[in-house]
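Engineer: how would this look folded up:
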Amino acid sequence: MSVYDFLYYFILPILSFSGLLVFVRFLKGPRLSDRVIALDLLITIGIGIIAIYSVISNRPTFLDIAMILALIAFLGTVAFAYYLEKRSKNE
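Structural biologist: Numbering: from 1, shown residues only. As a prediction, the model looks like this:
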């Protein structure tokens, strides 16, 4: 079994299934924080899928796209944490 077969038949189905579970949590999340964490995790799963596609198709430029998505996800998480901190101080 080669690395490409391992990526196709093992890693991608696991990422797809976990993306489905996280999307359900995104829809059902009782609180806003649950939804933001689920959205951050969805972006992280998307970064993993992009990285695997980059390895399989031998296109390293997709890794740059994955890094930009990771930066956006990190900044969104920091902004949400700042919002929660300000909201808790006002209450």
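
Engineer: show me what the lengthiest helix in the chain is packed against.
Structural biologist: The residue-count maximum for a helix in the chain (DSSP state H) belongs to helix 61-90. In terms of contacts (3 or more C-beta pairs under 8 Å, 6 or more residues apart in numbering; DSSP states H and E), helix 61-90 is packed against helix 32-57. C-betas here are computed from N, CA, C, even on glycine.

Engineer: for the helix it packs on, the distance to its chain's centre please.
Structural biologist: In terms of C-alpha atoms, centre = their mean, to the nearest Å, the centre of helix 32-57 is found 2 Å from the chain centre.

Engineer: on that earlier part again, gap between the longest helix of the chain and the chain center?
Structural biologist: Relative to its chain's centre, helix 61-90 lies at 12 Å (C-alpha atoms, centre = their mean).

Engineer: kindly report the same for stretch 82-91.
Structural biologist: With C-alpha atoms, centre = their mean, you get 25 Å for stretch 82-91.

Engineer: and for stretch 29-43?
Structural biologist: In terms of C-alpha atoms, centre = their mean, the centre of stretch 29-43 is set 10 Å apart from its chain centre.

Engineer: now tell me what touches it from outside.
Structural biologist: For stretch 29-43, the surrounding residues in contact (C-beta atoms under 8 Å, 6 or more residues apart in numbering) are 19, 22-23, 25-26, 69-70, 72-73, 76-77, 80, 84.

Engineer: buried set for the least confident helix or strand in the chain by mean pLDDT?
Structural biologist: When the helices and strands of the chain are scored by mean pLDDT, DSSP states H and E, helix 3-6 comes last with a mean of 80. Buried positions in helix 3-6, judged by neighbour count with 16 or more other C-beta atoms under 10 Å: none.

Engineer: for Ser54, which non-adjacent residue is closest in space?
Structural biologist: In this structure, Ser54 finds its nearest non-sequential neighbour in Phe62, 3.8 Å apart by C-beta to C-beta, 6 or more residues apart in numbering.
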